[in-house]
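1. Please work out how this folds:
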Amino acid sequence: MQKNRIIVTSVVIEGRSKAEVAKDYGVTYRWVHTLVTRYLHGGSEALEPHSRRPLTSSTKTPPEIEAQVLALRHSLEKSGHDAGPHTIAAHLHREHGASPAVSTIWKILTRHNLIVPEPKKRPRSSYIRFQADLPNETWQSDFTHWRLADGAGVEILTFLDDHARLALTVNAYPVVTVQRVLVQFRDTVAEFGPPASTLTDNGLVFTTRVRGGKNTFENELNLLGIDQKNGRPNHPQTQGKVERFQQTLKKWLRRQPPSATIEDLQAQLDTFRDYYNTVRPHRSLDRRTPAETYTARSKATPAGTDGHWRIREDRVDESGSITLRFNSRMHHIGIGRAHKHERVRVLIHDREIRVINPSTGELLRELTLDTTRDYQPQKPQNALPKESEM
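-> Numbers count the residues shown, from 1 in each chain. Down below sits the predicted model:
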């Protein structure tokens, strides 16, 4: 600063030439000219060192983009949804066709103190991940606890596709029983087809193998040729996808008005399930939605059941029968007059027929269709006893 003043004084006050002053003080003629010009236009203050920071930056995020990032972060958090940089980037790209880099979004959130560093947190890259190759290759299932507005405890049962993370069905009950697991499983199969395998913990609603037998859910899987897998005790990481889904679900539920009834809670679960499956980008799926991932590949099927599979609803007629068309020929299947006018669900795998009560899950009739005859009479050897008679 002092040297700059002497240079300017030598030229302006003493009247020396700029070239001479530049030579005496070991600077360039251009620098002397610059200092003199500054002084003549701005006085002594203009001789202070100027910042070398550029007036504009081509890499700085435009204010309107930064505002979009912050607004989306606030909106997602308020709704109880995931609001991390990856999710924000996916939403912005979906809405506007482009988005800042994830690292840029992270810097914006950090600058506004919206991200708390967790240096001791285990990095995602350190986890060993297992994922089914196809939809319906494995369904994970588990239930978790929740409370209604009056403090009453309820339980939420989920079936989740391992490959796509698709929340297949999410239902609330006063308490989850093996019969409710069975009915929900059948409803899930009716909508999505049967899985090749299931993966659950060792809860008694899923397996009673530790007691030396099988419950009705296990028998159902066996009848359909579905492989049943169970995680080892006290190791919930085996069912990590459904466990993680339940954490995400509960985080969202905590941001919603408390449900007064199970029906209210079920409505909230249906809303979340739709958002989770069709709107929320999933980091483990390259930011695609579970629905997009689930429909991108052909479904796996149970071992030994590669034939034609279909499910239909029907009503038992006055004579206690239902009709079924097979290879363009109509057949009548006897169910029993005791069930006339009842709604039934028919599970058909080639010629193997199973008729169940969709409300209770009771198996009413099981048979192999005799294609040589129209009427399929009831036969003692084809009718399974009811659970109450076992």
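
2. CA only for contacts and neighbour counts going forward, please
-> Fine.

3. Pull the contacting residues for the residue nearest to residue 260 when sequence neighbours are not counted.
-> Setting aside the residues directly before and after it, residue 260 is nearest to residue 149 in space (CA to CA, 6 or more residues apart in numbering), at 5.1 Å. Shown in contact with residue 149 (CA atoms under 8 Å, 6 or more residues apart in numbering): 258, 259, 260, 261.

4. Residue 149 belongs to a strand?
-> No. The assignment for residue 149, made by DSSP: H, G, I helix; E, B strand; the rest coil, is coil rather than a strand.

5. where do the helices sit along the stretch 101-250 of the chain?
-> With DSSP state H, counting those that start in this stretch, the ranges of helices along the stretch 101-250 of the chain come out as 102-111, 178-192, 216-223, 240-254.

6. Any buried residues in the first one, and which?
-> I take that to be helix 102-111. Residues 102, 104, 105, 106, 108, 109 are the ones in helix 102-111 that count as buried (16 or more other CA atoms under 10 Å).

7. for the third one, same thing?
-> Neighbour-count burial for helix 216-223, counted by 16+ other CA under 10 Å, picks out 216, 217, 218, 221.

8. Now do it, average pLDDT.
-> The average pLDDT for helix 216-223 rounds to 86.

9. Return the list of helices and strands in contact with that helix.
-> On a contact count with 3 or more CA pairs under 8 Å, 6 or more residues apart in numbering; DSSP states H and E, helix 216-223 meets helix 178-192, strand 227-230.

10. Most tightly packed of these?
-> Counting by mean count of other CA atoms under 10 Å, helix 178-192 has the highest mean neighbour count of those, with a mean of 18.

11. picking up where we left off before, phi and psi next, for the residue nearest to residue 260.
-> With angles defined as degrees, to the nearest 10, residue 149 sits at phi -60, psi -30.

12. looking at the helices of the stretch 101-250 of the chain, which is closest to residue 354?
-> Nearest to residue 354, of all the helices of the stretch 101-250 of the chain, is helix 216-223, at 10.1 Å by CA to CA.

13. just to revisit the earlier point, only whichever of the contacts of residue 149 are buried, select them in PyMOL.
-> Selection command for PyMOL covering only the buried members of the contacts of residue 149, criterion 16+ other CA under 10 Å:
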select buried, resi 258+259
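
14. from the contacts of residue 149, which two are the most distant?
-> 258 and 261, at 9.2 Å, using CA to CA across the contacts of residue 149.

15. pLDDT (mean, whole number) over stretch 240-249?
-> 92.

16. Hmm, I typed the wrong one, I wanted stretch 336-344.
-> Stretch 336-344 shows an average pLDDT of 92 in the prediction.

17. just to revisit the earlier point, can you redo the buried residues of helix 102-111 as TSV with distance to residue 191 and pLDDT?
-> Formatted as TSV, the buried residues of helix 102-111 follow (distance: CA to CA, whole Å; pLDDT from 0 to 100):
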residue	distance to residue 191	pLDDT
102	37	79
104	42	84
105	39	82
106	40	78
108	43	82
109	41	82
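
18. In a markdown table, list the residues you listed along with distance to residue 86.
-> Formatted as a markdown table, those follow (distance: CA to CA, whole Å):
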| residue | distance to residue 86 |
| --- | --- |
| 102 | 6 |
| 104 | 11 |
| 105 | 8 |
| 106 | 9 |
| 108 | 13 |
| 109 | 12 |
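
19. contacting residues around stretch 296-306?
-> 134-137, 194-197, 224-227, 349.

20. nearest spatial neighbour of residue 373, skipping sequence neighbours?
-> Closest to residue 373 by CA to CA, 6+ apart is residue 331, at 7.5 Å.

21. pLDDT value on the one you found, please?
-> 92.

22. how close does it get to residue 181?
-> From residue 331 across to residue 181, the span is 32 Å (CA to CA, to the nearest Å).

23. again, but for residue 203
-> 11 Å.

24. For the two, list the residues in contact with both.
-> Contact with both residue 203 and residue 181 is made by no residue, according to CA under 8 Å, 6+ apart.

25. re the thing from before, identify the contacts common to residue 258 and residue 261.
-> In contact with both residue 258 and residue 261: 148, 149, using CA under 8 Å, 6+ apart.

26. Which neighbouring elements make contact with the worst-scoring helix or strand of the chain on mean pLDDT?
-> Across the helices and strands of the chain, mean confidence by mean pLDDT, DSSP states H and E is lowest for helix 85-96: a mean of 77. When contacts are defined as 3+ CA pairs under 8 Å, 6+ apart, helix 85-96 sits against helix 63-79, helix 102-111.
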